[in-house]
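# Using only what follows, build the 3D model:
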Amino acid sequence: MDILKEATLFENAKMSHMSTSDRVVASREAKRLILAINEIYKKTKDTSLMDVMKRLTAKKKRIEIRLKGRPDPGI
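This is a model prediction of the structure:
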């Protein structure tokens with residue numbers, strides 16, 4: 001379960017003061033972790049894995065919002 005240790009480290013990492021390229025790398029890392037955990041989840045159906053994937057997905061979404069920018073509400 002080395003992938004769970006990586007996921008924990010990623011979750012606890014500070015995401016402030018990141019450059020755009022750092023955000024891209026972080027987003028790709030989150031995707032890699034989510035997909036790897038999903039493969040394990042398919043075999044074991046462990047609900048704790050689903051919780052980890054949800055937390056990683058939430059962090060990934062926050063990173064991607066900063067990458068893409070917020071949509072203009074006036075349009």
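
# Next SSE downstream of the helix of greatest length in the chain?
For the chain, the longest helix by residue count, based on DSSP state H, is helix 20-44. Later in the chain than helix 20-44, the nearest helix or strand by DSSP states H and E is helix 47-68.

# Would you mark the buried spots in that following helix?
Leu49, Val52, Met53, Leu56, Lys59, Lys60, Ile63 (16 or more other C-beta atoms under 10 Å). Heads up, the C-betas are built off the backbone N, CA and C, glycines and all.

# got TSV for the residues you listed, with pLDDT too?
Converted to TSV, these look like this (pLDDT from 0 to 100):
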residue	pLDDT
Leu49	93
Val52	94
Met53	94
Leu56	95
Lys59	94
Lys60	94
Ile63	91
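
# Which pair of these spans the longest distance?
Leu49 and Ile63 (21.1 Å; C-beta to C-beta).

# Cys27 and Lys60 touch, don't they?
Heads up, residue 27 is Ser, not Cys. Yes - in this structure, Ser27 is within contact of Lys60 by C-beta atoms under 8 Å, at 5.9 Å.

# rewinding a little: same for the longest helix of the chain, what does it pack against?
Secondary-structure packing of helix 20-44 (3 or more C-beta pairs under 8 Å, 6 or more residues apart in numbering; DSSP states H and E): helix 2-12, helix 47-68.

# To Ser19, which of those lies closest?
helix 47-68 (11.0 Å).

# pLDDT below threshold where in this protein?
Across the chain, the ranges flagged by pLDDT under 70 are 1, 74-75.

# related to what we said a few turns ago, quick one: the helices and strands packed on helix 20-44 as a markdown table, columns for distance to Met18 too.
What follows is these, written out as a markdown table (distance: least, C-beta to C-beta, whole Å):
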| stretch | distance to Met18 |
| --- | --- |
| helix 2-12 | 13 |
| helix 47-68 | 8 |
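
# Go through these and name the closest to Thr20.
helix 47-68 (6.9 Å).

# tell me how far that closest one is from the chain's mean position?
4 Å (C-alpha atoms, centre = their mean, to the nearest Å).

# Residues touching that helix, excluding its own?
Defining contact as C-beta atoms under 8 Å, 6 or more residues apart in numbering, one finds that helix 47-68 is touched by 4, 7, 10-11, 15, 20, 23-24, 26-27, 30-31, 33-34, 37-38, 40-41.
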